[in-house]
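**Q** mind folding the following:
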Amino acid sequence: MVQHPRSQRHLPEDEAARRRWQHPESILDGIGLAPGATFIDVGCGEGFFALPAARTVGPHGRVCGIDIDAEALDLLQEKAFREGLDNVVLHKGMAEEILLCDGCADVVFFGIDLHDFVDPVRVLANARRMAAPEGLIVDVDWKKEPLPLGPPTAKKFSPEHAAALMAEAGLRVRTVAESGPYHYIVTAVPGNKKKG
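**A** Numbers count the residues shown, from 1 in each chain. Presented below is the predicted three-dimensional model:
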C-alpha cells in the first residue's frame with residue numbers, strides 16, 4: 001500500500017496496542033449506547049470508536065462519522081464494508097462547518113480530539129444542535145499532564161477547561177470522571193433545548 005507522505009495511518013497492531021490502554025466497547029457501554037441509537041462521531045478517523053458503535057447500535061441504528069481526512073474515511077468505510085456494517089455514513093469536512101441534522105443524535109461523541117479543532121466552542125455548539133433533547137454529548141480526552149502517549153501537555157485541555165467550553169456552547173455538564181490511565185470523560189446534555 002502506498003502511503004501519502006504526511007499520512008499517519010494506523011496499522012492493525014497500533015489498534016491492538018491502543019486497546020491495552022483504551023477499550024472503546026467499555027466506554028460506549030458506560031455512556032449507555034444502545035441498539036437502535038444514532039451516534040455521531042466527530043473526528044472519527046479510521047473508526048476506533050465508530051466501528052464498535054456501529055456494532056452496538058445494530059441494523060436499526062446509525063453511526064455518522066465526520067472527519068477532514070478523506071483517506072481515514074476511506075479506510076473506515078472499507079473496514080465497515082468488510083464487517084458487513086451498512087449502518088455507517090461518513091461525511092468529509094470541518095466539524096465547525098458540518099451540521100448533519102437538527103436534534104437527531106442520541107450521542108454526539110468526541111474521541112480524544114476536542115483539543116484538535118480550530119474552534120472547539122463552535123464544534124460543541126454544532127454538537128448541541130445535532131443532539132436530541134435527551135441526547136448526550138461525550139468528550140473523552142487526554143489528561144492534561146505529562147504522559148508517555150498523546151500530544152504535548154500544553155495542547156491538551158484539562159477536564160475543567162473542556163467543561164467550560166461545553167458550557168460556553170450551551171451544554172449542561174452532567175459528569176466528569178477518569179477513563180483509564182490516560183484519559184478523562186465529560187458528559188453533557190443540551191442546555192434548555194425544547195423537547196419534541
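**Q** quick one: buried residues of the biggest helix by length in the chain?
**A** Of all the segments of type helix in the chain, defined by DSSP state H, the longest one is helix 70-83. Residues of helix 70-83 classed as buried: 72, 73, 75, 76, 77, 79, 80 (neighbour count, 16 or more other Cβ atoms under 10 Å). Every residue, glycine included, has its C-beta placed from N, CA and C.
**Q** again with stretch 122-135
**A** Buried positions in stretch 122-135, judged by neighbour count with 16+ other Cβ under 10 Å: 123, 124, 125, 126, 127, 128, 129, 130, 131, 132, 135.
**Q** again, but for stretch 138-148
**A** Under the neighbour-count criterion of 16+ other Cβ under 10 Å, stretch 138-148 has 138, 139, 140, 141, 142, 143, 144, 147 buried.
**Q** for residue 118, pull up the helix or strand it's in.
**A** Using DSSP states H and E, residue 118 is not contained in any helix or strand.
**Q** helix, strand or coil: sort out the nearest residue to it once chain neighbours are set aside for me.
**A** Distances taken as Cβ to Cβ, 6 or more residues apart in numbering put residue 96 closest to residue 118, at 6.2 Å, once the chain neighbours are dropped. For residue 96, the assignment made with DSSP: H, G, I helix; E, B strand; the rest coil gives coil.
**Q** and the gap between residue 96 and residue 129?
**A** 12 Å (Cβ to Cβ, to the nearest Å).
**Q** redo the buried residues of stretch 122-135 as a markdown table? Include pLDDT and secondary structure.
**A** Compiled in a markdown table, the buried residues of stretch 122-135 are given as follows (pLDDT from 0 to 100; DSSP: H, G, I helix; E, B strand; the rest coil):
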| residue | pLDDT | secondary structure |
| --- | --- | --- |
| 123 | 98 | helix |
| 124 | 98 | helix |
| 125 | 97 | helix |
| 126 | 98 | helix |
| 127 | 98 | helix |
| 128 | 97 | helix |
| 129 | 97 | helix |
| 130 | 98 | helix |
| 131 | 98 | strand |
| 132 | 97 | strand |
| 135 | 97 | strand |
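**Q** for the residues you listed, which two are the farthest from each other?
**A** Across the buried residues of stretch 122-135, no pair lies farther apart than 123 and 132, at 18.0 Å, counting by Cβ to Cβ.
**Q** where exactly do the strands run in this protein?
**A** In the chain, the strands defined using DSSP state E lie at 38-42, 62-67, 88-92, 105-111, 131-142, 171-179, 183-190.
**Q** avg pLDDT for the second one?
**A** Spelled out, that is strand 62-67. Mean per-residue pLDDT for strand 62-67: 98.
**Q** give the pairing partners of that strand; include direction for each.
**A** Partners of strand 62-67 in the sheet, by DSSP bridges, are strand 38-42 (parallel), strand 88-92 (parallel).
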